[in-house]
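1. sequence and predicted structure below; questions after.
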Amino acid sequence: MYPCSNPELVAAVSEAGGMGIVQPIALTHVHGYRFREGLARIRALTSRPVGLNALVEASSRIYHKRMERWVEEALEEGIRFFVTSLGKPGWVVERARAAGGVVYHDVTERKWALKALDAGVQGLIAVNRRAGGHAGSKGARELLDELADLGVPVLCAGGVATPEEFAGTLALGYAGVQMGTRFIATPECRVGAPYKQAILDAGEDDIVLTERITGVPLAVIDTPCVQRLGTHAGPLARWMLGGRRRKRLMRTLYALRSIRRLRDASLDEVGTTGCWQAGRSVAGIQDILPAADIVRRCADAARLVAPDSP
Ligand SMILES: Cc1cc2nc3c(=O)[nH]c(=O)nc-3n(C[C@H](O)[C@H](O)[C@H](O)COP(=O)(O)O)c2cc1C
């Protein structure tokens, strides 16, 4: 999660038996590590597997080169699980497979899943309309119906915070869950106290989608800051996002701005910036819980649905 995935949080999730995912831009630009140093910090806290989020969006050449380098370095440091999102995952699959690694790709509908499978991904993450981050437009059940026959494991992303929701998602037929928002309200997550409190206070209806931060709908808490920003891209931004080349430029500009805005808001200990990402799973989050408790409670609930699960 950009900007929330600091090494201590990633390590705590993996140490408890989940798969903590490193977000390289958060690791370097928000939490201040050189990439390999950040991985070493995680390694000092856990010897269990962690994954890397490789954002494969078509943006600037410099950015793409940097992501390629991070993937190479992650492989050299022993990472073998990759979550790709927002683009074409083929180049990550090629490198990961050569090292015996596995790539799961975030998708919001069947057509993207088919393209990702063509590129060789080994699993899908079905991002539904309740997800934090860049939300999809479909419900969890509808999306699983679209993807279930594709012959690879499908994980659910969106709307899962409690052990009951976790078990219910497995009972629907999902192979696992990608959880985000729940892990922000943990002692290990290094975001400011106002952000965590806003998650505890928010209900499902307090989550809105805004295009004004990254150029595509992003799930955020409906704070005065978001109300000032608005939810729809203006006419110029819309025109820019309409054409292929213009879109690439516009997304790069958005990325540069949003990286700073989201970072400052997440680290803010006063609460004045108030531009905070979260999914509708906030409805089930009432307390700050250690990441390990969250993983263990979900695993316990899962055993009731699937007694053989680890
Ligand atoms: C604060 C925040 C930041 C996120 N950043 C990323 C990201 O950088 N890359 C990504 O692939 N997904 C990102 N996501 C999406 C999550 O990986 C996950 O799909 C989502 O949080 C699931 O929904 P949930 O928040 O209801 O659990 C982010 C989610 C949140 C809440």
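-> Good, I have the coordinates.
2. residues from the protein in reach of the ligand?
-> Residues of the chain lying near the ligand by CB under 6 Å from any ligand atom: 1-2, 4, 23, 53, 83, 85, 106, 127, 130-133, 157-160, 178-182, 277-279, 281. The way it works is simple: take the backbone N, C-alpha and C, and place the C-beta from them, glycine included.
3. what about the residues you listed, which are in strands?
-> Residues from those lying in strands, with DSSP state E as the criterion: 53, 83, 85, 106, 127, 157, 178.
4. widest-spaced pair of those?
-> Using CB to CB, these span at most 12.9 Å, a distance reached by N53 and V127.
5. more neighbours, those two?
-> Between N53 and V127, V127 has the larger neighbour count (other CB atoms under 10 Å), namely 28 against 22.
6. list the beta-bridge partners for that one.
-> Residues in a beta bridge with V127, per DSSP bridges, are A157.
7. closest residue of this structure to the ligand?
-> Taking CB to the nearest ligand atom as the measure, the point where the chain comes nearest the ligand is G180, at 2.0 Å.
8. neighbours around the nearest residue in space to that residue that is not next to it in sequence, how many?
-> Nearest non-adjacent residue to G180, counting by CB to CB, 6 or more residues apart in numbering: G132, 4.5 Å away. Residue neighbour count, defined by other CB under 10 Å, stands at 27 for G132.
9. where does the prediction get shaky in the protein?
-> By pLDDT under 70, the weakly predicted segments of the chain are 58-59, 236, 238, 240-241, 243-245, 307-310.
10. show me which helix runs longest in it.
-> In the chain, with assignment by DSSP state H, the single longest helix is helix 244-267.
11. so which residues make contact with that one?
-> Residues external to helix 244-267 that are found in contact with it (CB atoms under 8 Å, 6 or more residues apart in numbering): 2-4, 25, 29-30, 57-60, 63, 190-192, 195, 213-215, 225, 237, 239-241, 273-277.
12. these two touch, right, the residue of the chain closest to the ligand and I285?
-> No. G180 lies out of contact with I285 (CB atoms under 8 Å); the separation is 11.2 Å.
13. just the strands in the stretch 201-310 of the chain please.
-> Counting by DSSP state E, counting those that start in this stretch, one finds strands in the stretch 201-310 of the chain at the ranges 207-210, 218-221.
14. list the contacts for the most centrally placed residue in the chain?
-> Nearest to the mean C-alpha position of the chain, counting by CA atoms, centre = their mean, stands M1 at 4.5 Å. The neighbours of M1, taking CB under 8 Å, 6+ apart as the test, are 21, 23, 26, 132-133, 180, 183-184, 277.
15. how about S137, phi and psi?
-> S137 adopts backbone torsions of phi -120, psi 0, taken as degrees, to the nearest 10.
16. that one: neighbour count?
-> Neighbour count of S137, defined by other CB under 10 Å: 13.
17. repeat for Q23
-> Q23, neighbours per other CB under 10 Å, totals 22.
18. wait, G176 touches L155, no?
-> Yes. Contact criterion CB under 8 Å: G176 and L155 qualify, at 4.5 Å.
19. now the closest residue in space to I213 that isn't next to it in sequence: how far from A131?
-> In space, and not counting its chain neighbours, I213 is closest to S258: 4.8 Å by CB to CB, 6+ apart. For S258, the distance to A131 equals 17 Å [CB to CB, to the nearest Å].
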